[in-house]
Each structure stands twice: as structure tokens, then as C-alpha cells.
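Trainee: structure of the sequence below:
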Amino acid sequence: LNTRLVDVHGGKDNPVNRAAFRKFIEAGYVSINDETIEYTVEGRPIWFLSNTVGTVENGLLVCLWGTTINITERKLAEEKSQHYTEQLAAIVEIEHSLAISLDYGAIFTALQTGIHRIFPDVPTLLISSFDAEHAMIKAVYGIQDGKSVDVASLPEIPLAPAGQGTQSRVIHSRQALVINEDLKRNFRPGTVTRIGSDGGEETQSALYVPMLAQDQVLGVIQLQSYMPNRFTEEDVKALSLVANAAAITLQNARLYEMAQKEIGERRQAEIALRQSEERHRLISSNISDYVYSGVVFADGTTKTEWVSGAFERITSYTLEEVNALPGGFFSLVVRQDFDELLQKEPNLLQSPTLAIEYRIRRRDGEIRWLRDYMQMAGKTDTEAVVRRIGAVQDITARKLAEEQLRSSEEKYRSLVESSDAAIGLIDTEGRYQ
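Mentor: Residues are numbered from 1 along each chain as shown. The predicted model follows:
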């Protein structure tokens, strides 16, 4: 009695009840299935579903009568369901964002954005990687009160024995860890680094979940709150789904990074190989017209396995055509030269190194002089087969020049010997030679 109706129903600052009363008045002091909310002295909300009719005398509301049902449990269930639906939508969005990311910065940004959507009131997010080979935990990303954490200033910490530390316990057990009170007591002595400003609020509760991919722990995601008892089992489930999606993405990013590094190394190797081949080509072109590798069989026949350079231009045959000839390349060698070589070098095929000159006969009958620098490259599984490599120069022009010089000398000698006149040589100073 003697209490204002608005005060009974939560005061003027209760928007739900104010809206209900406005509707009640505008409907002629009648309400059907209207929801209102009251609060206990502890601040706990209680929801009611009401059907109310007011009695008006002389234009004044003098009496209310109706029915009221406590629907708090239903409303809490609806709120929980709505919150869960929003969480699932946020998780799906996070997974989509992560699925298209291979850059670490983009991955961490997507995680921070999605986690903040699920836990908007949580001030601290820290993400750590775990190096199983060296048993080290390293902070890789952090947000504190909306500001980025300088993770480079945070020291790496070694994995603690089972049952010690917070992140270490999660890594050992591969299970989430919720600490809703006495958080400091759970820290490992000597491994606590304060982030944020000194004198700020103290963290009261925390949630740690492992990032698992193929049963391997790649790291830990942790949330910290200034509120005690902040985290629930539903929070564990939600953050675990996010952490597992993050683990798969981080593993893919790591594999992509390794692949890019391998591709880069392979490209460098290919460049080095091309440079080496170019140097080899330049050297070969300066000291020879073509190089080759082949085998010599016990019966004296040969098979050229590969050639490079001007082989076809000099011999007028392709590699395949030469190998198809009886005796292989040796069938091109002028027989007289081959026989003389065997007389001078009876162990021609067994000599470790040789530099020999010989003539070959081209397809059109032209004779070419070749100088062949050959070296034994070892024997095959069959001892009678010798493998050789060599470098060949076309010395036909030199041989023709030598022949012309000899011919000129012969003519000069014949002229001198058959002449009756005195012949002498005088230098530029008029002296006889």
C-alpha cells in the first residue's frame, strides 16, 4: 500500500517493465501475456508472464486484477539457447575466416575478432605455440584490455613436469583447464610475467584450451577475466572448437611455409645448377667443339650415350644415327688412322687419359680432322666394358694450314735446289742471313 506501482515493478529504469506498462495503458488498462522482470535483493532476475485487467473509476485506475506466472526458468533457457546459437554462428564464421588464411598475422587477427565476439567481456587473450622437439612454450599473440601485447618481450618458458604450471598442465593432459578462483596459486613460481599497466585490476579466473591437430598439441589459447567464476563448461566447449580449427589452420600455414621454403631452396638450387651448366658450357665451348660420354665394348665397338655442342654439325650425324652404325662412332674414323692409333697405343682402350688426333669421314664424304681428349670414367659391372668421357676439337682448319705450309716449303726447297743462281736472305739492315 501507498507504493507507486512503477516502483513495485522495478522502477523507471527498467526498460522491459516500462514498455509493458505503456502497452497496458494504451490498451485501455488491459494486458495479455505480457512479460515483466523483477530483481531479488541479491540482484537475481525473476521473469513473470502476466494477464491483467484494471478497474477505472472517474478516469482513475483504482484496481488491478489478473494472473501471474513465474517464467524465469523458461527465460533463462531461452537466453542460454540464444547465446549458444550466437556462439555457434561466431564459431562457424571463425572457421570460415581461418580456412582461407595461410598468413600468421591474418590467422591471429581472425581468431581475436571471433573470440571477442563470443567472449566480449573477457579482457585478456593470449595465444602460445608449443615446440614439442625442444619442449618450449612461446607467446605468439596477445590482447590485453583492447591493446596488443608485445609478445616479443615475453620470455619462452620450458614445459613443466606433469601437474605443474597452467599451460604445461594443458599440454600434458591435452584437456582444457578452468581456474575460477585463486588463479595466482596455480601459476608456476618464477614464470609469471605481468602484462598491462602496474596497479591495474588483478585477474581472477582463466580458461586454457589446447590447440590440437592430429593428436598433437600445437599450442594453447588462454582467456583471463577480472571476474571470479567467469568461465563455464559451455565456454570450454566453444573455445575448444575454435582452438581445434585454429590448430588445423596453423598446421596448414606451417606446411605452406615449409613448402615455400623448400620451393625457394629448390629454385636457388636450379639457378645454381643452370649457372654451373652455363659455366661448363662456356668452358667447353672455349676448349672444345663438343663433349661426350660413352662406352667401349670388348670387341672394339662403341656406344655414345650423350653429346653436347656441335657434334651433329661436325660429324653430319645425329647421336641416334651414329649409334645405329656398325661399330658406333669408330666406324666414322678413317681406317688408316685407327690402325695407326692401335699401333702407337696398343692399350688404347685401357689408357686412363689420352689426347689423340684422327680423321673422320662425314656423310657427304668430307674429311674432318679431330683432336680427342678422352679420359676413362671407370668400368661398368661388366669388366670388359670401359666408360669414357671426352672433349673434341675440330682441327681441320689447322691441319689444312699445316699442309699448305708444308707444300709451300717443299716448293721453296725444290726451287732453291734446282736453281743455278746464288740465293740469299738479307735483313732490313742489309746484312746477309
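Trainee: please make it C-alpha for all contacts and neighbour counts, starting now.
Mentor: Will do.
Trainee: tell me where the model's unsure across the stretch 1-150 of the chain.
Mentor: 1-13 (pLDDT under 70).
Trainee: can you pull the contacts of Met227?
Mentor: 203-205 (Cα atoms under 8 Å, 6 or more residues apart in numbering).
Trainee: switch the cut-off to 10 Å
Mentor: 121-122, 180-181, 201-206 (Cα atoms under 10 Å, 6 or more residues apart in numbering).
Trainee: distance of Ser375 relative to Gln251?
Mentor: Small correction: residue 375 is Gln, not Ser. 52 Å (Cα to Cα, to the nearest Å).
Trainee: so between these two, which is more surrounded?
Mentor: In this view Gln375 and Gln251 are compared by other Cα atoms under 10 Å, and Gln375 has more residues nearby, 19 against 16.
Trainee: is the more buried one in a bridge, and if so with what?
Mentor: Beta-bridge partners recorded for Gln375 (DSSP bridges): Thr353, Ile389.
Trainee: isn't it up against Val392?
Mentor: No. Using Cα atoms under 10 Å, Gln375 is not in contact with Val392, being 11.8 Å away.
Trainee: mutual contacts of these two, please.
Mentor: Ala355.
Trainee: ok, now which ones touch the nearest residue to Ile127 once chain neighbours are set aside?
Mentor: Once flanking residues are discounted, Ile127 sits nearest to Ile221: 4.7 Å by Cα to Cα, 6 or more residues apart in numbering. Contact partners of Ile221, counting by Cα under 10 Å, 6+ apart, are 111, 125-129, 139, 141-142, 167, 176, 207-211, 239-240, 242-243, 246.
Trainee: one step back: may I ask which two of the contacts of Met227 are separated the most?
Mentor: Across these, the longest distance by Cα to Cα is 17.5 Å; it joins Asp121 and Glu181.
Trainee: the two: which is more packed in?
Mentor: Neighbour count, other Cα under 10 Å: between Asp121 and Glu181, Glu181 has more, with 16 against 13.
Trainee: confirm the more buried one sits in a strand?
Mentor: No. Glu181 sits outside any strand when classified using DSSP: H, G, I helix; E, B strand; the rest coil, being coil.
Trainee: follow-up on the earlier one: who wins for most neighbours among the contacts of Met227?
Mentor: Ranking these using other Cα under 10 Å puts Ala206 first, with 25 neighbours.
Trainee: pretty sure that one sits in a strand.
Mentor: Yes. The assignment for Ala206 by three-state DSSP puts it in a strand.
Trainee: quick check: it vs Glu357, distance?
Mentor: Distance of Ala206 to Glu357, computed by Cα to Cα: 87 Å.
Trainee: cool, and Gly294?
Mentor: Here Gly294 is placed at a distance of 18 Å from Glu357 (Cα to Cα).
Trainee: quick one: residues contacting Lys75.
Mentor: Counting by Cα under 10 Å, 6+ apart, Lys75 touches 35, 46-48, 81.
Trainee: just the buried residues of those.
Mentor: Burial by neighbour count, 16 or more other Cα atoms under 10 Å: within these this picks out 35, 46-48.
Trainee: show me the strands in the stretch 251-400 of the chain, by range?
Mentor: 290-296, 302-309, 353-361, 367-379, 386-394 (DSSP state E, counting those that start in this stretch).
Trainee: what's the closest of the ones you listed to Ala162?
Mentor: The closest of the strands of the stretch 251-400 of the chain to Ala162 is strand 367-379. By Cα to Cα, the value is 60.7 Å.
Trainee: elements contacting the closest one?
Mentor: Other helices and strands packing on strand 367-379, by 3 or more Cα pairs under 10 Å, 6 or more residues apart in numbering; DSSP states H and E, are strand 290-296, helix 311-315, strand 353-361, strand 386-394, helix 396-418.
Trainee: would you list these in JSON lines and tack on mean pLDDT, distance to Asp103 and mean neighbour count?
Mentor: Output for the helices and strands packed on strand 367-379, formatted as JSON lines (pLDDT from 0 to 100; distance: least, Cα to Cα, whole Å; neighbours: other Cα atoms under 10 Å):
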{"stretch": "strand 290-296", "mean pLDDT": "85", "distance to Asp103": "49", "mean neighbour count": "20"}
{"stretch": "helix 311-315", "mean pLDDT": "92", "distance to Asp103": "52", "mean neighbour count": "17"}
{"stretch": "strand 353-361", "mean pLDDT": "88", "distance to Asp103": "58", "mean neighbour count": "17"}
{"stretch": "strand 386-394", "mean pLDDT": "86", "distance to Asp103": "51", "mean neighbour count": "21"}
{"stretch": "helix 396-418", "mean pLDDT": "79", "distance to Asp103": "64", "mean neighbour count": "12"}
